[in-house]
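Participant: Sequence plus the predicted model coming up.
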Amino acid sequence: MLFADFAANIIQHGDAQAIAALIARTRQASQTEKQALFNAADAARRPYYGKSIFFRGLIEFSSFCKNNCYYCGIRAGNDSAVRYRLSKEEILSCTDKGHALGFRTFVLQGGEDPYYTDDLICDIVSAIKDKHPDCAITLSIGEKSYESYRRYFEAGAERYLLRHETASNAHYHKLHPAQMSPEHRKQCLRDLQEIGYQVGAGFMVESPWQTDETLAQDFLFLRDLQPHMIGIGPFIPHHDTQFAGMKSPSSDFTLLLLALLRLMMPKILLPATTALGTIDPLGREKALRAGANVVMPNLSPKAHRKDYLLYDNKICTGEEAAECLQCLSGRIAFAGFKPDFSRGDHVDCLERVHPL
Ligand code: SAH
C-alpha cells in the first residue's frame, strides 16, 4: 500500500498505539513519502473547499491574563509583559477597517481578562453584528461558564477557538499550574458544541514533554470531538517563561501533523498559523500545500501588536493591517491558491448559516 493511503487509513481508524507508531514512522519517512503525504492532504480538501484559502481578521484585544500557562509570554506572572486592552470603540474601528479591506470574519482573541465582563463582551459582539451583519464573529477568550458561552452566542458570536493544548492530562499538568484543569478545558469544548458554536480545538507542536503517545491522544481526542477547526502551530519559547532557551522547533514536524489532520478530517478548517510563519519564512505557504486552508492576518492596531507576545520573534508586528493583507494575499495567490474573503464557514454549516 502507498504510504499516504496507509497513513490515511491509520489516522482515520487506528487506535492510540497504531497512531503513535504512524507518527514515529512519519518522522522517519523519505522525502518522497513526505511529499506524497502533503499531496494527498492537499487533494483531500479540494472536493469541499477547492483552492480557497479563507481569510480571518485577527484582533488581539487584550494582553492582560489571569492565568499562568507556563509557556505563554502574556501569563499573569510575567512582570515584564507590556499590558494593553482595547476599548469597544477601538475594536469597532478595527472591524470597520477590516470590513473595508474585505474581511467577512473576525477573530477576537485575548488573555483571560476579567475587565471584559460578559455584559461588555456581549455589547461588543452585538455592536459588530449590528454594523456588519454579513460577518461571522469568532471568540477566543478562554474558559468560561456554560451560561457565559450561551450569552455570547445569543449576542451573535458563532464560532469559538479554544485549543485543548494537549489531550494527555499528565502532559497538561506539566504545562499549566495546578489550578488549571484539563477536564474543565475539554468540558468547555463540549459545552460550546452543545450551544451550537462552530468550535476550534488544537495544540502546540513540540511543546515540552510532548511525545508521539501524547500526540496520538490528541488525534483520538479530535477524532472523537469532531470540531470544525483545528489550530496547531509550533511551540516557540518565550524569553520570560520557564521554557526560555529551549530548542527552537523546525517547521517540518508541524507540516507533517497538518497533513495527517487533513487526512483524518478532510472537511476541517485548518489554519496556517503565524507561529509557523515565525519559525520558517515560507512556513505558511508550505502549510497550505500540506492541507491548511485558513490564514489569520493581524488587524490589531499597530501600536499594540508587539505587546501581544505569546512567543519570541512573532512576525507581522510592524505593518499596518492593509500592508500585511496585501503581502499575504499576494503570497497565497503566488503559491497557486485563491484568497477567499467570504465568511468561510465549515462545509457542513453552510445550510444552517445561509438557509435557502
Ligand atoms: N486566552 C485564550 C487565547 C490563548 S493564546 C485561550 O485560553 O484560549 C492562543 C494560543 O497560543 C494558545 O492556545 C496556545 O496554544 C498558543 N501559544 C501560547 N504560547 C505559545 C508559545 N510560546 N508558542 C506557541 N504557541 C503558543
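Facilitator: Here it is on my side, so go on.

Participant: The closest residue to the ligand within the stretch 1-150 of the chain - nearest residue in space that isn't next to it in sequence?
Facilitator: Nearest residue of the stretch 1-150 of the chain to the ligand, counting by C-beta to the nearest ligand atom: residue 142, 3.4 Å away. Yep, even glycine has a C-beta here, placed from its N, CA and C like the rest. Once flanking residues are discounted, residue 142 sits nearest to residue 112: 4.1 Å by C-beta to C-beta, 6 or more residues apart in numbering.

Participant: residues in the stretch 101-250 of the chain within reach of the ligand, list them.
Facilitator: 109, 111-112, 140-142, 162-163, 165, 204, 233, 235-236, 238 (C-beta under 6 Å from any ligand atom).

Participant: where exactly do the helices run in the stretch 51-200 of the chain?
Facilitator: 88-101, 118-131, 146-155, 169-175, 182-195 (DSSP state H, counting those that start in this stretch).

Participant: mind giving me a markdown table with those helices and columns for mean pLDDT and mean neighbour count?
Facilitator: Converted to a markdown table, these look like this (pLDDT from 0 to 100; neighbours: other C-beta atoms under 10 Å):
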| stretch | mean pLDDT | mean neighbour count |
| --- | --- | --- |
| helix 88-101 | 97 | 17 |
| helix 118-131 | 98 | 17 |
| helix 146-155 | 98 | 17 |
| helix 169-175 | 98 | 17 |
| helix 182-195 | 98 | 17 |
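
Participant: need those helices in a markdown table with distance to residue 29, can you?
Facilitator: Below are the helices of the stretch 51-200 of the chain laid out as a markdown table (distance: least, C-beta to C-beta, whole Å):
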| stretch | distance to residue 29 |
| --- | --- |
| helix 88-101 | 40 |
| helix 118-131 | 44 |
| helix 146-155 | 40 |
| helix 169-175 | 25 |
| helix 182-195 | 31 |
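
Participant: Spatially central residue in the protein, please.
Facilitator: Centroid check for the chain by C-alpha atoms, centre = their mean gives residue 231 as the closest residue, at 3.1 Å.

Participant: Which residue, other than its chain neighbours, is closest to that residue?
Facilitator: residue 202 (3.6 Å).

Participant: so the one you found makes contact with residue 225?
Facilitator: No. Using C-beta atoms under 8 Å, residue 202 is not in contact with residue 225; the gap is 10.8 Å.

Participant: more neighbours, the two?
Facilitator: The neighbour count for residue 202 versus residue 225, taken as other C-beta atoms under 10 Å, is higher for residue 202 (22 against 16).

Participant: Give the residue spans of this protein that score low on pLDDT.
Facilitator: Residue ranges of the chain with pLDDT under 70: 351-356.

Participant: what's the longest helix in this protein?
Facilitator: Secondary structure of the chain per DSSP state H: the longest helix is helix 31-49.

Participant: Check which residues of that one are buried.
Facilitator: The neighbour-count check on helix 31-49 (16 or more other C-beta atoms under 10 Å) flags 33, 34, 36, 37, 38, 40, 41, 42, 44, 45, 49 as buried.

Participant: other SSEs contacting that helix?
Facilitator: Counting by 3 or more C-beta pairs under 8 Å, 6 or more residues apart in numbering; DSSP states H and E, the packing neighbours recorded for helix 31-49 are helix 3-13, helix 251-264.

Participant: Of those, which stretch is the most buried?
Facilitator: helix 251-264 (a mean of 24; mean count of other C-beta atoms under 10 Å).

Participant: relative orientation of it and helix 3-13 in degrees?
Facilitator: If you take axes from the mean of the first three to the mean of the last three C-alpha atoms, to 10 degrees, helix 251-264 sits at 70 degrees to helix 3-13.

Participant: quick one, the longest helix of the chain and helix 3-13 angle?
Facilitator: Going by the same axes, to 10 degrees, helix 31-49 makes 60 degrees with helix 3-13.

Participant: Show me what helix 31-49 is in contact with.
Facilitator: Residues outside helix 31-49 that contact it (C-beta atoms under 8 Å, 6 or more residues apart in numbering): 2-5, 7-8, 26, 29, 255-256, 258-260, 262-263, 266-267, 270, 289-291, 293, 347.

Participant: how does it look with 6 Å?
Facilitator: Contact partners of helix 31-49, identified using C-beta atoms under 6 Å, 6 or more residues apart in numbering, comprise 3-4, 7, 259, 262-263, 266-267, 289-291, 293, 347.

Participant: quick one: that helix to chain centroid distance?
Facilitator: For helix 31-49, the separation from the chain centroid amounts to 20 Å (computed by C-alpha atoms, centre = their mean, to the nearest Å).

Participant: For that helix, list the C-alpha coordinates in CSV.
Facilitator: What follows is helix 31-49, C-alpha atoms only, in CSV (Å, rounded to 0.1, in the frame of the first residue of the first chain):
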residue,chain,number,x,y,z
GLN,A,31,11.3,13.0,1.2
THR,A,32,9.3,11.2,-1.5
GLU,A,33,6.9,9.7,1.1
LYS,A,34,6.5,13.1,2.8
GLN,A,35,5.8,14.8,-0.4
ALA,A,36,3.2,12.1,-1.2
LEU,A,37,1.6,12.8,2.2
PHE,A,38,1.4,16.5,1.5
ASN,A,39,-0.1,16.0,-2.0
ALA,A,40,-2.7,13.6,-0.6
ALA,A,41,-3.6,16.1,2.1
ASP,A,42,-3.8,18.9,-0.4
ALA,A,43,-6.1,16.8,-2.6
ALA,A,44,-8.3,15.7,0.3
ARG,A,45,-9.7,19.2,0.9
ARG,A,46,-10.3,20.1,-2.7
PRO,A,47,-13.7,18.4,-3.1
TYR,A,48,-15.0,20.6,-0.3
TYR,A,49,-13.1,23.9,-0.5
